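Trainee: Below: sequence and its predicted model.
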Protein chains: 2
Amino acid sequence: MASGGFASTPAPPYYAVVFTSQRREGDGDDYGRTADRMVELAAQQTGYLGVESVRGADGLGITVSYWRDEAAILAWRRHAEHTLARERGRQQWYEHFELRVAKVERAYGGP
Amino acid sequence: MASGGFASTPAPPYYAVVFTSQRREGDGDDYGRTADRMVELAAQQTGYLGVESVRGADGLGITVSYWRDEAAILAWRRHAEHTLARERGRQQWYEHFELRVAKVERAYGGP
């Protein structure tokens, strides 16, 4: 990840996983530790390109992770520790979430 | 947009524009008014499907807008008022931004 929270991604094509979520109240420390661990673990996976993540004061968050290809996304999905964390997310931490897998076709930065 | 900040998107395929930005200090009211107006105006465009947007306390934000196809994205890009707002964003409001256009291939929600 580039400084300032931006991912340094290569020229397209590559993949983005857009994860939008609404946190429930409570369980803050435990959630935070797991979220940090998932970012650390994701960065060790083959085909990982970077992540950008923001959560607002109202508990709505958007995390976009970038991957070389679909195979890398599927391998990360099957990772045992990540699978357990997702299950806790469903049961404890998220009131609602939407996940979208998308192929990045073009990209630019600025100003 | 669905209640709670989630976009109600149709079954894929459709397009996502992921806009990650770091705000500069200051110009808060003026920025806020323009950002609200752009959300209102985008929602009136043909092919617009929804938006999800979060900004953190540190000024990093992610806005994902969803569109029926590339033609809708290009038409919105050419919209005169949007073009002016983007120019102000480049000059005044954003320290840095990254924009990625991606085709959503699969999606699901939960818990």
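Mentor: Yes, it's here. Numbers count the residues shown, from 1 in each chain, chains lettered A, B, ... in the order given.
Trainee: okay, CA-based contacts and neighbour counts for the rest of this
Mentor: Noted.
Trainee: Give the next helix or strand downstream of the helix or strand bottoming out on mean pLDDT in chain A.
Mentor: Ranking every helix and strand in chain A by mean pLDDT, DSSP states H and E puts helix A:28-42 at the bottom, with a mean of 91. Counting by DSSP states H and E, the next helix or strand C-terminal to helix A:28-42 is strand A:48-55.
Trainee: ok, then the element right after that following strand?
Mentor: strand A:60-67.
Trainee: Let me see the mean pLDDT of that next one.
Mentor: Averaged across strand A:60-67, the pLDDT comes to 98.
Trainee: Tell me the residues of chain A that contact chain B?
Mentor: Within chain A, the positions lying close to chain B (C-alpha under 8 Å from any C-alpha of the partner chain) are A:4-6, A:16, A:20, A:22, A:52-57, A:60-62, A:89-91, A:94-111.
Trainee: Apply 6 Å and report the result again.
Mentor: A:54-56, A:90, A:96-111 (C-alpha under 6 Å from any C-alpha of the partner chain).
Trainee: which among those residues end up buried?
Mentor: The neighbour-count test (16 or more other C-alpha atoms under 10 Å in any protein chain shown) applied to the residues of chain A next to chain B identifies A:54-56, A:96-104, A:107 as buried.
Trainee: I'd like the distance between the closest residue to A:H82 other than its chain neighbours and A:R55.
Mentor: Spatial nearest neighbour of A:H82, excluding adjacent residues (C-alpha to C-alpha, 6 or more residues apart in numbering or on different chains): A:M38 at 6.8 Å. Going from A:M38 to A:R55 by C-alpha to C-alpha, to the nearest Å gives 16 Å.
Trainee: One more: A:P13?
Mentor: Distance, A:P13 to A:R55, by C-alpha to C-alpha: 27 Å.
Trainee: All set now, cheers.
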